[in-house]
Structures are given as C-alpha cells and as structure tokens.
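Peer 1: would you be able to build a 3D model of this:
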Amino acid sequence: QVQLVESGGGLVESGGSLRLSCAASGSTLENWAIGWFRRAPGKEREGVSCISDSGTGTTYAQTVKGRFTIARDSTKETVYLQMNDLKPEDTATYYCATSYKCNAVTLPHSALFGSWGQGTQVTVSS
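Peer 2: Alright, predicted model coming up:
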C-alpha cells in the first residue's frame, strides 16, 4: 500500500482558487494513476478528477470541468489539483487515491481505488 498525503486545503471566498497536492510518504506515485475525490457533509463521495500514470490522460467530473485542472509534476511524484472559480458547493474534504487505471469509466467507482490519504478540507464561503 502507498501512503498518501494531501495538502493545500483551506478557506477561500467564492470565486477564489486553491491548489491541492498529493504526494506519497515513503513510497512512489510514479506508476500509479491518481484520482481526487471529495465528500461533503451528508453527501456521497464524488470522483472529481483523475490522471493516468503517464500524466497524459485526464478525466473530470462535469461539476468541475473547466474550473479544475489535474496535473503531475515532472518527476510524477506529486499530483496537483488546481481549483479555480471555487463555489460554495465545492466545500468538502478532498482525498487523493491510487488506481491502476483512471478514466471516465473508473472515476465514478471509488472502490477501484486502493490507497487513500487522510484528506484536506476545502471550505468556500459565499
């Protein structure tokens, strides 16, 4: 199992931006596809975005398409989620997770993702 650490959450006003980071502790992300998920209070966990192990394939939920961008750094050891034009409905705890494959078919199914981080809280005020 890979230990994942998320960071970058915080409190931001509506329309603002945040960049979340996902890194591995004591291991490597290099050969894993990575997904970002979120869970708001009282709601089911939602797949937000994912990126292939090569970094060339990306997938976004319709709710964030055009506002969020996922990317891997050049070493492929950190995965970022750039979140722009944030809305109050984006408020949630955000998690990253590993998978063998990530695309529009797998992103909605969190059971296909193995290792999970502890999450980072994103709060968007109106």
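
Peer 1: tell me where this structure has strands.
Peer 2: Ranges of strands in the chain, per DSSP state E, are 3-7, 10-13, 18-25, 33-39, 46-51, 58-60, 68-72, 78-83, 92-99, 120-125.

Peer 1: Leu107 is nearest to which of those strands?
Peer 2: Closest approach to Leu107 among the strands of the chain (Cβ to Cβ): strand 46-51, 3.9 Å. Every residue, glycine included, has its C-beta placed from N, CA and C.

Peer 1: what's the mean pLDDT across the closest one?
Peer 2: When pLDDT is averaged over strand 46-51, the result is 97.

Peer 1: circling back to that earlier point, can I get the strands of the chain in CSV including mean neighbour count and distance to Gly114?
Peer 2: Formatted as CSV, the entries for those read as follows, by neighbours: other Cβ atoms under 10 Å; distance: least, Cβ to Cβ, whole Å:
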stretch, mean neighbour count, distance to Gly114
strand 3-7, 17, 10
strand 10-13, 13, 27
strand 18-25, 19, 12
strand 33-39, 25, 10
strand 46-51, 24, 13
strand 58-60, 19, 17
strand 68-72, 19, 18
strand 78-83, 22, 15
strand 92-99, 23, 5
strand 120-125, 17, 19
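
Peer 1: which residues sit in contact with the residue positioned nearest the centre of the chain?
Peer 2: Using Cα atoms, centre = their mean, the residue of the chain that lies closest to the mean C-alpha position is Trp36, 2.2 Å off. Counting by Cβ atoms under 8 Å, 6 or more residues apart in numbering, Trp36 makes contact with 20, 22, 47-50, 70, 79, 81, 94-96.

Peer 1: please name the bridge partners of it.
Peer 2: Beta-bridge pairing for Trp36 (DSSP bridges): Ser49, Cys96.

Peer 1: for Gln82, same thing?
Peer 2: In beta-bridge terms (that is, DSSP bridges), Gln82 pairs with Arg19, Thr69.
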